[in-house]
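> have a look at this prediction, sequence included:
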Amino acid sequence: MTESTLVDMKKAGKKLGNNIILENVSLEIKKGETIGIVGTNGSGKTTLLRLIAGLSYLSEGELKVMDKQVKPGMMGSLPENIGVLIETPSFINHETGLENLNNLAQIRKKISKQDVKEAIQKVGLDPMSKKKVKQYSLGMKQRLGIAQSLMETPSLVLFDEPTNGLDQEGRELFYKYVQGLKKQGTGYVFVSHHEHEIEAFCDRVLRIENHTLVPLEKEKKISIQLMDSADVGKVLSVAPNSTMEKQEDGKPVMLVPFTKGTDEEIDNFFKEIAVEYKRLKRDHE
Ligand SMILES: Nc1ncnc2c1ncn2[C@@H]1O[C@H](COP(=O)(O)OP(=O)(O)OP(=O)(O)O)[C@@H](O)[C@H]1O
């Protein structure tokens, strides 16, 4: 554990009733790192996030979050600078988005009303809208939940399926916002079923298998040529570890990292972000 460690989980175990959910889980997250967690339904992904957030406690092992030991009875003395979006965000329905976030910002009094407005703008919502949250669509609520979790520039953010319900624009804005804070040192844990999205975006991806965390096999890169040069930004927004290689016939060639995946799955990933491309080769081929 060093000064730049945000999360230090050692040999952690979690039982719920008589069921073992997690066993022998060790995880270290450093400043500015994006960690992806994948796994089948019911494998324990949300449980892991809840443990790190201090919403639930280990049955075995040790957990430090920003140097504070997380253990039963410490509610209220948890590290304050954690942003959390776990499950559906809940807001006061008869208030506007701005009113909701202003009220929440009052709890810690870390940011100004102007900061709240800017966070709402960053997710593509209008802070001055008179719409009450009850009139929001699912995607709008999700955008507001993202603004809430990021508005105070937390050191660590825990995201459970953050892009659920987001359209293409929402996802691009989300990744841009996340990437901006990452550069300032914010660390992230992403839980998602969109494996390719998470693999392209995160620095490291781990899978929960047989109750424990297993790193996904070493990164591979595929070489692609974009049909439209304007799409470079789109690829970088969801796969920031990609690199621009060269131009061929005026069209950019990029290397995009994937940990695994069939050709069809990778095609679907690019379809989802609406990028037309031609496959050149995989670097491991
Ligand atoms: N209160 C509880 N008591 C007993 N078992 C529980 C309880 N809550 C959850 N579980 C069990 O814990 C396991 C892990 O649940 P969790 O929600 O962490 O999985 P997940 O990987 O996030 O699933 P999903 O992909 O469906 O969101 C599941 O098998 C679930 O049945």
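Good, I have the coordinates. Numbers count the residues shown, from 1 in each chain.

> list the contacts of Gly250.
When the contact criterion is C-beta atoms under 8 Å, 6 or more residues apart in numbering, the partners of Gly250 are Ser229. Yep, even glycine has a C-beta here, placed from its N, CA and C like the rest.

> so which bits of the chain are right by the ligand?
Within the chain, the positions near the ligand by C-beta under 6 Å from any ligand atom are 16-17, 19, 21, 39, 41-47.

> most widely separated two among those residues?
Maximum pairwise distance in the residues of the chain next to the ligand, criterion C-beta to C-beta, is 20.0 Å, between Gly17 and Gly39.

> neighbour-wise, which of those two wins?
Gly39 (19 against 5; other C-beta atoms under 10 Å).

> is it true that the more buried one touches Lys45?
Yes. At 5.3 Å, Gly39 and Lys45 qualify as touching, with contact defined as C-beta atoms under 8 Å.

> between those two, which contacts overlap?
Taking C-beta under 8 Å, 6+ apart as the contact definition, Gly39 and Lys45 share the neighbouring residues Ile208.

> buried among the residues of the chain next to the ligand? Need that as a selection in PyMOL.
Selection command for PyMOL covering only the buried members of the residues of the chain next to the ligand, criterion 16 or more other C-beta atoms under 10 Å:
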select buried, resi 21+39+43+44+45+46+47
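
> closest one of the residues of the chain next to the ligand to Val189?
Each of the residues of the chain next to the ligand was checked against Val189 using C-beta to C-beta; the closest is Lys45, at 9.6 Å.

> what about stretch 210-228, start to end distance?
End-to-end distance for stretch 210-228: 43 Å, by C-alpha to C-alpha, to the nearest Å.

> okay, buried residues for it please.
Neighbour-count burial for stretch 210-228 flags 211-213, 216, 219-226 (criterion: 16+ other C-beta under 10 Å).

> do stretch 131-138 as well
132-133, 136.

> repeat for stretch 20-38
Judged by neighbour count (16+ other C-beta under 10 Å), stretch 20-38 contains these buried residues: 21-23, 25, 27, 29-38.

> hmm, Glu195 is touching Val38, no?
Yes. In this structure, Glu195 sits in contact with Val38. The criterion is C-beta under 8 Å, and the distance is 5.4 Å.

> any low-confidence regions in the stretch 51-200 of the chain?
Low-confidence regions of the stretch 51-200 of the chain, defined by pLDDT under 70, span residues 74-78.

> so what's Ala147 up against?
Residues near Ala147 by C-beta under 8 Å, 6+ apart: 97, 101, 119-120, 122-123, 125.

> which strand or helix spans it?
helix 138-150 (DSSP states H and E).

> can I get the CA coordinates of the helix or strand that comes right after that helix in PDB?
Following the chain from helix 138-150 toward its C-terminal end, the next helix or strand by DSSP H and E is strand 156-160. C-alpha atoms of strand 156-160 as PDB (Å, rounded to 0.1, in the frame of the first residue of the first chain):
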ATOM      1  CA  LEU A 156     -12.900   7.300  -6.000                       C
ATOM      2  CA  VAL A 157     -16.100   6.500  -7.900                       C
ATOM      3  CA  LEU A 158     -18.000   3.300  -7.800                       C
ATOM      4  CA  PHE A 159     -20.200   2.700 -10.800                       C
ATOM      5  CA  ASP A 160     -22.700  -0.100 -11.200                       C
END
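
> which elements pack onto strand 156-160?
Using 3 or more C-beta pairs under 8 Å, 6 or more residues apart in numbering; DSSP states H and E as the contact definition, the elements that strand 156-160 packs against are helix 45-53, strand 82-85, helix 138-150, strand 187-191.

> contact partners of the following helix or strand past it?
For strand 156-160, the following helix or strand on the C-terminal side (DSSP H and E) is helix 168-183. Outside helix 168-183, the residues that touch it by C-beta under 8 Å, 6+ apart are 32, 34, 122-124, 139, 142-143, 146, 150, 153-154, 157, 162-163, 166, 186, 188, 201, 234, 237-238, 240, 273-274.

> Lys242: neighbouring residues, count only.
Just to correct that, residue 242 is Ser rather than Lys. Per other C-beta under 10 Å, the neighbour tally for Ser242 reads 18.

> nearest residue to Leu213 in space, please, no chain neighbours.
Of all residues not flanking Leu213 in the chain, Leu206 sits nearest, at 4.5 Å (C-beta to C-beta, 6 or more residues apart in numbering).

> that neighbour against Ile35, yeah?
Yes. Leu206 is within contact range of Ile35, at 6.9 Å (criterion: C-beta under 8 Å).
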